[in-house]
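attaching a predicted model along with its sequence, questions to come.
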Amino acid sequence: MKRILSIILTLSFSLTLFSQETTGEKIDQLIKCYTATGRFNGSALVASHDQILLEKGYGYKNFRDSTLNDSSTVFQIASVTKQFTSTVILKLVELKKLALTDKLSKYYPDFPKGDNITIENLLTHTSGIIDWTNSINFSPTNQQTLLGFLKTKALDFPPGTSWRYSNSNYSLLGYIIQKVTGMSYENAVRKYIFIPLQMTHSGFDFKNLLCKEKATGYSTFYDSSKIEGTLYDSVGPYAAGEIYSTIGDLYKWHKGLQSYKIISRASLERAYTPLKNHYGYGWIIDSLFSRRITSHSGDISGFSSNLARITEDNLFIILLNNKEGSGLEAITKNIFAILYDKPYSIPVKRHPVKLGEETLKKYIGTYEVMSPHGPLQGEVTFEKGKLMLQARGGPKLELTAEKENYFYDLFEDNEGDVIFVTGTNGKIANIVLSQDGESLSGKKIR
């Protein structure tokens, strides 16, 4: 209760303070709060109706050198790359060089079930092809190694019948772009997007990029611990996540899309139409304040990103972070709230507490929560003195106690809470997962 009152008081004070400020200043103050609480370290740009409201950096570009992020800092954008790949595909469709109904077997005749997988299936993650990034001890070194690996793996589901995010889909799209254009994927993106939009600070081989604006990525970035992330060769992320860019270049990207400079309105509307699970062609489609949001986030070692647009009101938000695993969607949602003059939350720095081993072990078990997509199961385990939560098919998250029965994920910074509820018998009976004002509840099943 004390923490809740603290948040309310902080919010009330801040809203009174912000009421005298411009929209840009309110957004700036909000992001400063996220930076102060360790939840943002990067660069941000917010624009409305072709007017830039905010364009600046926050925190360190390189902590060792004491250099700071600014509007020119270069970041890896990870899976935000997918919207560039999908746009090149749609450009090639407009040029009648390929069709969305083309089968994968047209380009790779010996690919298993390739005659049932379309380019649209690849774009929308409905192909059933496994995500190679979830495989242990495998990393592609070229097209042949990835194809050879994927050909040995069964599909997760029959094509078109379900949805599962898979970076492999977009790597295959990159290879198809190469086959169709006769040029490298990278040169195709340059030809059809970067050069027409004058995105002169964007590219592909971040590991070997030599420029003073290049950000150092951090896997951990806290007062007590700052650990640099691993830089991978771009051949792995490839057309699913290899692009680097700046907030300024990505604003040019937004303006190019708004003006239909690259592809037509009809093509973009098709890209923005979700097929399954809110996913279109390289875009996540959702709504907020009765408006359609088209967005995509990205996460790679040392970096995270989120690009979001409300096309009908010409609103654009780009957040680039040289710190991985951050909940940038929560920051984006609060920025949109400011833009629409709606209530928004201000982050409060958390203060972890240490619980004894006996207390932590009482939370161990299997839990099942009900989501909009059906029941989800997760395991809570105790490993090397730490409490861990792992949803089926997902990564393990370390839970940090804020008080007994009340935990959060220290390394995700996604404003999420995990609350364990004690039953009438004194034992843990239920679990509540809360994030961004939404909650899922469930029970302990064993």
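The structure has been received and is ready for your questions. Numbers count the residues shown, from 1 in each chain.

from here on, contacts and neighbour counts on C-alpha atoms
Fine.

show me what counts as buried in stretch 125-136.
Using 16 or more other CA atoms under 10 Å as the test for burial, stretch 125-136 gives 125, 126, 127, 128, 129, 130, 131, 132.

scratch that, stretch 365-379 is what I was asking about
Within stretch 365-379, the residues that count as buried by 16+ other CA under 10 Å are 365, 366, 367, 368, 369, 377, 378, 379.

again, but for stretch 141-155
When neighbours are counted by 16+ other CA under 10 Å, the buried residues of stretch 141-155 are found to be 146, 147, 150.

related to what we said a few turns ago, just the ones in strands from the buried residues of stretch 365-379, please.
365, 366, 367, 368, 369, 377, 378, 379 (DSSP state E).

which two of these have the greatest separation?
Pairwise distances across those (CA to CA) peak at 13.1 Å, for the pair 365 and 369.

hmm, who's touching whichever strand or helix holds residue 148?
In this assignment (DSSP states H and E), residue 148 forms part of helix 143-151. With contact meaning CA atoms under 8 Å, 6 or more residues apart in numbering, helix 143-151 is reached by 111, 112, 129, 130, 132, 139, 140, 175.

show me the two of those that sit farthest apart.
Farthest apart among the contacts of helix 143-151 by CA to CA are 112 and 139. That separation is 20.5 Å.

returning to that earlier point: now the buried residues of stretch 141-155 as a markdown table including pLDDT and distance to residue 245?
Compiled in a markdown table, those are given as follows (pLDDT from 0 to 100; distance: CA to CA, whole Å):
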| residue | pLDDT | distance to residue 245 |
| --- | --- | --- |
| 146 | 96 | 26 |
| 147 | 96 | 28 |
| 150 | 96 | 30 |
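
between those, which sits nearest residue 117?
Nearest to residue 117 among the buried residues of stretch 141-155, with distances taken as CA to CA, is residue 150, at 13.5 Å.

and the closest one, how far from residue 444?
37 Å (CA to CA, to the nearest Å).

ok, back up a step: residue 331: which of the buried residues of stretch 125-136 is nearest?
Nearest to residue 331 among those, with distances taken as CA to CA, is residue 125, at 26.2 Å.

show me where this structure has helices.
Ranges of helices within the chain are 2-18, 23-36, 81-94, 104-107, 119-124, 143-151, 167-181, 185-189, 195-197, 238-241, 247-258, 265-271, 328-339, 357-361, based on DSSP state H.

which of those sits most buried?
Using mean count of other CA atoms under 10 Å, the stretch among the helices of the chain with the greatest mean number of neighbours is helix 238-241 (a mean of 28).

centre of the chain to that helix, how far?
With CA atoms, centre = their mean, to the nearest Å as the basis, helix 238-241 stands 14 Å off its chain's centre.

what is that helix packed up against?
Secondary-structure packing of helix 238-241 (3 or more CA pairs under 8 Å, 6 or more residues apart in numbering; DSSP states H and E): helix 81-94, helix 167-181.

what about residue 295, how many residues nearby?
Residue 295: 23 surrounding residues under other CA atoms under 10 Å.

from residue 83, how far off is it?
Distance, residue 295 to residue 83, by CA to CA: 9 Å.

swap in residue 135?
24 Å.

again, but for residue 134
Distance, residue 134 to residue 83, by CA to CA: 21 Å.

distance between the ends of stretch 286-295?
End-to-end distance for stretch 286-295: 8 Å, by CA to CA.

and which of the buried residues of stretch 125-136 is nearest to residue 119?
Checking the buried residues of stretch 125-136 against residue 119 by CA to CA gives residue 127 as the nearest, at 8.7 Å.

surely the closest one touches residue 117?
Yes - with contact defined as CA atoms under 8 Å, residue 127 and residue 117 form a contacting pair (5.8 Å).

any shared contact partners between these two?
Shared contacts of residue 127 and residue 117, defined by CA under 8 Å, 6+ apart, are found at 159, 160.

need the contact list for residue 36.
Contact analysis of residue 36 by CA under 8 Å, 6+ apart lists residue 349.

pull up the per-residue confidence for it.
Confidence at residue 36, expressed as pLDDT, is 90.

repeat for residue 401
87.

for it, list each beta-bridge partner.
Beta-bridge pairing of residue 401 under DSSP bridges involves residue 407.

right, and it touches residue 356 too?
No - between residue 401 and residue 356 there is no contact under CA under 8 Å: 10.6 Å.

of the two, which one has the most company?
residue 401 (23 against 8).

coming back round to it: tell me which of the buried residues of stretch 125-136 is nearest to residue 341?
Among those, residue 125 lies closest to residue 341 (CA to CA), at 35.2 Å.

contacting residues for that closest one?
Applying CA under 8 Å, 6+ apart to residue 125 gives the contacts 163, 164, 165, 166, 169.

with that, I have no additional questions.
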